Structure formats: C-alpha cells, structure tokens
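Colleague: here's my sequence, what's the structure:
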Amino acid sequence: MVRVNLRPLAELFRAHVLKMLKQEGLIDDEVVKTSLYVVVRSF
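Modeller: You can find the predicted model right below:
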C-alpha cells in the first residue's frame, strides 16, 4: 500500500472548519488563534 502524508489535507480541513465556524459566529478570533497554536505545538 502506498504511504500518503495526510498532514496537508488535515490542515486544510481544519482551516476550513475554523473559517466556517467563525463565519457562523460560533467562535471568535481568540478561539481560532488558540486552536492553531495547539495544532502547531502538537505536531
């Protein structure tokens, strides 16, 4: 089976979901910044 790096796809998906939630007013900039910081620190 071919090994595929899914990290770029996961990052795009995460960004899309955060953008959607922000546009819906369910989260604010602080939540987005915190989420992105946690993701960068976890990799």
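
Colleague: and the most centrally placed residue in the chain, how far from Val2?
Modeller: Most central in the chain under C-alpha atoms, centre = their mean is Arg14, positioned 2.6 Å from the mean C-alpha point. Spatial separation of Arg14 from Val2 under the definition C-beta to C-beta, to the nearest Å is 24 Å. The way it works is simple: take the backbone N, C-alpha and C, and place the C-beta from them, glycine included.

Colleague: how many neighbours does Leu21 have?
Modeller: Here the neighbour count serves as a burial measure; for Leu21 (other C-beta atoms under 10 Å) it reads 15.

Colleague: show the subsequent helix or strand relative to the helix or strand encompassing it.
Modeller: Leu21 is located in helix 7-23, with elements delineated by DSSP states H and E. Note on helix 7-23: by DSSP H and E, the next helix or strand toward the C-terminus is helix 29-42.

Colleague: who's in contact with that next one?
Modeller: Under the criterion C-beta atoms under 8 Å, 6 or more residues apart in numbering, residues 11, 14, 18, 22 lie in contact with helix 29-42.

Colleague: among these, name the buried ones.
Modeller: Neighbour-count burial (16 or more other C-beta atoms under 10 Å) applied to those gives Leu18.
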